[in-house]
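Enquirer: this one's structure only:
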């Protein structure tokens, strides 16, 4: 039986996932732009799911200004063996981070050709707000996806 653990994100988790191979060939291409990799160690706002001490999924939020944050996720090809666990942990953690930090708008960019990524963002509750042409470091198109949270006090 696999041993699951959530830990604070460390940059070496991302490096290990890139070295092992990311969850889709499009992401391997993106990871080659190491200086543009959007994975951020922000204290209390980023996490990694370890399976038997190997990182398979990381994610978090990067505050842009009060109430607005950029979300990011990164997964190794090892995530395919634990899709349901990883997806549910990401959803739970991202929602928790946004609500506890009063983020009312969470946004992210998803590569146009990465259909699985678009579907995953939609499953997380993000809506497609439009295509950003030539947005990527390789001049590829990305969708701007966003989720609006309503806080009840």
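Expert: Thanks, I have the structure now. None of the values given here were measured: they were computed from a predicted structure. Numbers count the residues shown, from 1 in each chain.

Enquirer: Show the subsequent helix or strand relative to the least confident helix or strand in the chain by mean pLDDT.
Expert: Lowest by mean pLDDT, DSSP states H and E among the helices and strands of the chain is helix 25-31, with a mean of 57. Counting by DSSP states H and E, the next helix or strand C-terminal to helix 25-31 is strand 46-51.

Enquirer: Name the next helix or strand following that next one along the chain.
Expert: Downstream of strand 46-51, the next assigned helix or strand under DSSP H and E is strand 54-65.

Enquirer: Report the inter-axis angle for the longest helix seen in the chain versus strand 54-65.
Expert: The helix that spans the most residues within the chain, counting by DSSP state H, is helix 83-100. Helix 83-100 runs at 30 degrees relative to strand 54-65, counting by axes from the mean of the first three to the mean of the last three C-alpha atoms, to 10 degrees.

Enquirer: other SSEs contacting the very next helix or strand once past helix 83-100?
Expert: Where DSSP H and E defines the elements, the next helix or strand beyond helix 83-100 is strand 105-111. When contacts are defined as 3 or more C-beta pairs under 8 Å, 6 or more residues apart in numbering; DSSP states H and E, strand 105-111 packs onto strand 68-75, helix 115-123, strand 142-148. Every C-beta, even on glycine, is put in place using the N, C-alpha and C of the backbone.
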